[in-house]
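Peer 1: below are the sequence and a predicted model; questions follow.
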Amino acid sequence: MDWLTSTLPRSLEGFPEIPRWSMGLLLGTGFVTYYLYEAVKLPTLACSQNSKFREFLENHVPVIREKFWPTVWCFESRLQTVFASVLRQHTLPDIEYRRQIFRLKDGGELALDWLGPDGSSLKDPLVLVLPGLTGNSQAEYIKSLMRAAQAQGFRCVVLNNRGLGGVDLKTPRTYCASNSEDLGEVVDHLRETDCAKNTPLIVVGISMGGLMLGNYLAAHGEEAKDKIDAGMIISVPWDVFKATESIEQFGLNRLLNYHLATSLVKTLDRVKHHMPWDVEEALKVIHLRRVFLQF
């Protein structure tokens, strides 16, 4: 170390001393350049160039023709996810819902949590929200979405999957993204009752909820079109297998993997007494892929 400290100054002899303000200006210019050319971008439309869907988006969603300007001091997408989650957790109070326990055909139960603007009526449009992997109606991203929809005059209801949202599991059956039977029963219930019998029904799925909604729409086709007026799928993987590989990479992705896996294990641990098989090995897992393989 003494050799390095004595040699380094001599090795830099002949080079002009760079003022600190110049270095700061250089770094600042580099940051601004990167932000303007790499972070600020037009949204990507992943649909056919001449499709009706693209035409619909271009005619009714003008924001897609505007550049997205992310927060200057937090424009990396994964950091935005983490920061927004922490911020909402500490700023959004719990919502007082009106809870409805919905009994499914196989004897299982799930909770439908209702929220509506003051003075709302059964004629107002209804938004059905499907949370992510272990989310429920009090998840921070769900509360944020519910408040935004409520402010626009929508009635809202959150579908809490089996065993979540404080509702005990009644049968040895949980939920998964590839099975939309529970969603189908809830949609039918809403359409057959005054809840959404004569009013537009919009279904919004986030993460796993989006996968569930996508599977429902694909499986039911025209039948789903007759029951749901609009669907929105938010933050879902285009390719589940590639997404699983991505989430196992080193860095923030692996931290997210650990968070999802441990959250799922906690849920499994809470309902394990209903399972007719041994789930102890699955409870030891800290990676999402292993949880799915074990359970």
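Peer 2: That came in fine, so what should we check first?
Peer 1: end-to-end on stretch 105-118?
Peer 2: Stretch 105-118 has an end-to-end distance of 33 Å (CA to CA, to the nearest Å).
Peer 1: just the strands in this protein please.
Peer 2: 98-103, 109-115, 126-130, 155-160, 201-206, 230-234 (DSSP state E).
Peer 1: specify the angle between the fifth one and strand 126-130 in degrees.
Peer 2: Yep, that's strand 201-206 we're talking about. 20 degrees (axes from the mean of the first three to the mean of the last three CA atoms, to 10 degrees).
Peer 1: about what we covered before: how about the strands of the chain, which one is nearest Lys170?
Peer 2: Among the strands of the chain, strand 109-115 comes nearest to Lys170, with 4.9 Å by CB to CB. Where you see a C-beta, it was placed from the backbone N, CA and C, and this is true even at glycine.
Peer 1: residue ranges of each domain in the chain, please.
Peer 2: 98-236, 239-295 (automatic domain parsing).
Peer 1: out of those domains, deepest packed?
Peer 2: Across those, averaging neighbours per residue (mean count of other CB atoms under 10 Å) puts domain 98-236 on top, at a mean of 18.
Peer 1: endpoint to endpoint, that one covers what distance?
Peer 2: 28 Å.
Peer 1: hang on, the earlier thing: now the strands of the chain in CSV, with distance to Phe75 and mean pLDDT?
Peer 2: Output for the strands of the chain, formatted as CSV (distance: least, CB to CB, whole Å; pLDDT from 0 to 100):
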stretch, distance to Phe75, mean pLDDT
strand 98-103, 39, 96
strand 109-115, 32, 96
strand 126-130, 27, 97
strand 155-160, 30, 97
strand 201-206, 22, 97
strand 230-234, 20, 94
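Peer 1: turn those into a markdown table, including distance to Gly184.
Peer 2: Formatted as a markdown table, the strands of the chain follow (distance: least, CB to CB, whole Å):
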| stretch | distance to Gly184 |
| --- | --- |
| strand 98-103 | 12 |
| strand 109-115 | 13 |
| strand 126-130 | 12 |
| strand 155-160 | 11 |
| strand 201-206 | 11 |
| strand 230-234 | 13 |
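Peer 1: which of those strands sits closest to Pro19?
Peer 2: Nearest of those (CB to CB): strand 230-234, 48.2 Å.
Peer 1: tell me the strands beside the closest one, with direction?
Peer 2: Within its sheet, strand 230-234 is paired with strand 201-206 (parallel), according to DSSP bridges.
Peer 1: centre of the chain to the strand it pairs with, how far?
Peer 2: How far strand 201-206 lies from its chain's middle: 12 Å, per CA atoms, centre = their mean, to the nearest Å.
Peer 1: do you know how far the spatially closest residue to Ala177 that is not a sequence neighbour is from Phe102?
Peer 2: With sequence-adjacent residues excluded and distances taken as CB to CB, 6 or more residues apart in numbering, Ala177 is closest to Leu211, at 3.8 Å. With distances taken as CB to CB, to the nearest Å, Leu211 is found 21 Å from Phe102.
Peer 1: and Asn215, by the same measure?
Peer 2: 20 Å.
Peer 1: repeat for Met23
Peer 2: 62 Å.
Peer 1: what's the answer for Glu140, then?
Peer 2: Glu140 is 24 Å from Phe102, by CB to CB.
Peer 1: next one: the longest helix anywhere in the chain to chain centre, how far?
Peer 2: The longest helix of the chain (DSSP state H) is helix 252-271. Between the centre of helix 252-271 and the centre of its chain there are 15 Å (CA atoms, centre = their mean).
Peer 1: now do that helix, average pLDDT.
Peer 2: For helix 252-271, mean pLDDT rounds to 74.
Peer 1: packing partners for it?
Peer 2: helix 77-91, helix 240-247, helix 288-294 (3 or more CB pairs under 8 Å, 6 or more residues apart in numbering; DSSP states H and E).
Peer 1: can you pull the contacts of the residue lying closest to Ser48 once chain neighbours are set aside?
Peer 2: Nearest residue to Ser48, sequence neighbours excluded (CB to CB, 6+ apart): Arg54, at 6.4 Å. Residues in contact with Arg54 (CB atoms under 8 Å, 6 or more residues apart in numbering) are 45, 47-48.
Peer 1: what is the nearest of the residues you listed to Phe75?
Peer 2: Nearest to Phe75 among the contacts of Arg54 is Leu45, at 20.9 Å by CB to CB.
Peer 1: from Ile64, how far off is that closest one?
Peer 2: From Leu45 to Ile64 the distance is 7 Å (CB to CB).
Peer 1: quickly list what's touching both of the two.
Peer 2: Leu57.
Peer 1: residues in contact with stretch 202-213?
Peer 2: 125-133, 135, 141-142, 145, 154, 159, 177-180, 183, 187, 214, 228-237, 240.
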